[in-house]
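the sequence and its predicted three-dimensional model are supplied below.
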Amino acid sequence: MQKPLARLYLRASTSEQDASRARDALEAFASDRGMTIAASYTENESGASLQRPELFRLLADSRPGDVLLIEQVDRLSRLTDGDWRKLRQEIDARQVRVVALDLPTSWLLAAPGDDFTGRMFQAVNGMMLDVLAAVARKDYEDRRRRQAEGQAKAKAAGLYKGRPEDTQRNAAIADMLARGMSWSAIQAATGCSRATIAKIAKRQAANGTPSV
């Protein structure tokens, strides 16, 4: 029986992080199980947002039975429950199998099997995915809360100044927006997040110079 194709999904939350860091581990996992890697998809976007073009391009490219291979479940989702359900529906509709290196119950989905066994493994793995997605979301919210508390204390003590703005990069982004470049093209050119582009676009609109 033919082994499923693997599609690697590599995500980091900021442009300063290396989204491709886990590539070697994923490629080794696929090789050990005799899987063919169809493609890899890399992006710098928050796992707390559904605005992830590369993830949805991966799903659009997938055929039923393909494996979405990730290093950790939180690379796929730090989403709210509602957004996670939307993503799960899309994954299920595409009949894509999610395999994560940190979820051993998913590893059996990387091997061919009979229909009954596959459905059983899929059901068990689905429950575990839901649990780990909820844990990843809670971890995200806890870290955001601790960060906000730390900043509030620092501000009260007159110590917090925030991250210095990359004025040269942001000026370039503003110029690209003014020239009508798409957000995806700007991301590719600068390596910034969509949140950064949104902030600069909002600033332009407030200054009366909206992007084209």
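Ah, there it is.

now do the strands in the protein.
Counting by DSSP state E, the chain has strands at residues 5-12, 36-44, 67-70, 97-100.

partners of the third one, with directions?
Going back to what we said before, that points to strand 67-70. Applying DSSP bridges to the sheet, strand 67-70 is found paired with strand 5-12 (parallel), strand 97-100 (parallel).

for Ser31, find the nearest of the ones you listed.
Closest to Ser31 of the strands paired with strand 67-70, according to Cβ to Cβ: strand 5-12, at 9.7 Å. In this view, the C-beta of every residue, glycine as well, is placed from N, C-alpha and C.

run a quick neighbour tally on Ile37.
Neighbourhood size, Ile37 [other Cβ atoms under 10 Å]: 15.

nearest residue to it other than its sequence neighbours?
With sequence-adjacent residues excluded and distances taken as Cβ to Cβ, 6 or more residues apart in numbering, Ile37 is closest to Ala6, at 5.0 Å.

counting by contacts, list what the helix-or-strand element of the chain with minimal mean pLDDT packs against.
When each helix and strand of the chain is scored by mean pLDDT, DSSP states H and E, helix 115-156 comes last, with a mean of 81. Contacting helix 115-156 under the criterion 3 or more Cβ pairs under 8 Å, 6 or more residues apart in numbering; DSSP states H and E are the following elements: helix 73-76, helix 81-94, strand 97-100.

poorly predicted segments of the chain, please.
1-2, 14-17, 112-118, 120-121, 159-163, 209-212 (pLDDT under 70).

so what are the domain limits for it?
5-137, 167-206 (automatic domain parsing).

quick one: buried residues of the shortest one?
Put plainly, it is domain 167-206. 170, 172-174, 176-177, 181, 183, 186-187, 190, 192-194, 196-197, 200-201, 204 (16 or more other Cβ atoms under 10 Å).

same check, this time on stretch 28-38
29-30, 35, 38.

what about that stretch, start to end distance?
14 Å (Cα to Cα, to the nearest Å).

hang on, the earlier thing: run the chain-centre distance for the least confident helix or strand of the chain.
Taking Cα atoms, centre = their mean, to the nearest Å, the mean C-alpha location of helix 115-156 is offset from the chain mean by 13 Å.

what's the answer for stretch 101-114, then?
Averaged C-alpha coordinates place stretch 101-114 at 21 Å from its chain's average position (Cα atoms, centre = their mean).

likewise for stretch 142-158?
Centroid separation for stretch 142-158 versus its chain: 26 Å, with Cα atoms, centre = their mean.

with just CA atoms, put that stretch into CSV.
The C-alpha trace of stretch 142-158 is given here as CSV (Å, rounded to 0.1, in the frame of the first residue of the first chain):
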residue,chain,number,x,y,z
ASP,A,142,-1.0,32.9,30.3
ARG,A,143,2.2,34.3,28.7
ARG,A,144,0.4,37.3,27.3
ARG,A,145,-1.1,38.0,30.8
ARG,A,146,2.3,37.7,32.5
GLN,A,147,3.9,39.9,29.9
ALA,A,148,1.2,42.6,30.4
GLU,A,149,1.6,42.4,34.2
GLY,A,150,5.4,42.7,33.9
GLN,A,151,5.0,45.7,31.5
ALA,A,152,2.5,47.4,33.9
LYS,A,153,4.9,47.0,36.8
ALA,A,154,7.8,48.3,34.7
LYS,A,155,5.7,51.3,33.6
ALA,A,156,4.7,52.1,37.1
ALA,A,157,8.4,52.1,38.1
GLY,A,158,9.3,54.2,35.1
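
having no further points to raise, I will conclude here.
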